[in-house]
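**Student:** predicted model, plus sequence, below.
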Amino acid sequence: MKHKHHGLLVIALTDDKGRLLWVSAARPGRTSEITACRHDQLTAKLGAAGLGAIADLGFVGLDDSGPDADPAVITGYKAARNRPLTRGQKLSNKALAAVRAPVEHGFAHVKNWHVLGKVHTDPKWATALVRALLVLTNREVAP
């Protein structure tokens, strides 16, 4: 059966405890994560605020800053078919995964809103819904 609707992509930032701080505008699901971040100039905004981010492997290559600059986005290491990860890279990925665990819990709170699974509309309309859910999620999860 063919599905006649499209998914959406939303980039979100959380704090170290997993509380959602910011969500991007909704984009068509075919948009890559890196393209969306570059369009929003996320690394420049993080750098200007003196902040950094720890991201998953979908964001490898996002931070094109020079070797002497502090990175705005830290990602793990990807293995290639002809280049397995070294022991140090595996340990680094494990440490990053431990730090990212609360962040994934923050994303799970948004995904618990089942209405997001039923949104098959123009991304500009979905943006208002996602931002409203951000406010409701923070209201619901806050102590």
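**Tutor:** The structure has been received and is ready for your questions. Just so we're clear, the structure is a prediction, and the values are computed from it rather than from any experiment.

**Student:** what's the longest helix in this protein?
**Tutor:** Secondary structure of the chain per DSSP state H: the longest helix is helix 87-111.

**Student:** which other helices and strands does it contact?
**Tutor:** Applying 3 or more Cβ pairs under 8 Å, 6 or more residues apart in numbering; DSSP states H and E, one finds that helix 87-111 makes contact with strand 12-14, strand 20-23, strand 53-54, helix 123-141. Any C-beta I mention is one placed from the backbone N, CA and C, and that applies to glycine too.

**Student:** let's see that with 6 Å instead.
**Tutor:** Helix 87-111 sits against helix 123-141, with contacts defined as 3 or more Cβ pairs under 6 Å, 6 or more residues apart in numbering; DSSP states H and E.

**Student:** how deep is the closest residue to E104 other than its chain neighbours tucked in, by neighbour count?
**Tutor:** Closest residue in space to E104, ignoring its immediate chain neighbours: G18 at 7.6 Å, by Cβ to Cβ, 6 or more residues apart in numbering. Close neighbours of G18, defined as other Cβ atoms under 10 Å, add up to 17.

**Student:** list the buried residues for the longest helix of the chain?
**Tutor:** Under the neighbour-count criterion of 16 or more other Cβ atoms under 10 Å, helix 87-111 has N93, L96, R100, V103, G106, H109, V110 buried.

**Student:** what about the closest residue in space to the second one that isn't next to it in sequence, which SS state?
**Tutor:** This means L96. What sits nearest to L96 in space, not counting adjacent residues and going by Cβ to Cβ, 6+ apart, is G76, at 4.9 Å. Secondary structure, DSSP: H, G, I helix; E, B strand; the rest coil: G76 is coil.

**Student:** using CSV, lay out the buried residues of helix 87-111 together with distance to L9 and pLDDT.
**Tutor:** What follows is the buried residues of helix 87-111, written out as CSV (distance: Cβ to Cβ, whole Å; pLDDT from 0 to 100):
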residue, distance to L9, pLDDT
N93, 24, 94
L96, 22, 92
R100, 19, 89
V103, 17, 84
G106, 17, 79
H109, 18, 74
V110, 13, 72
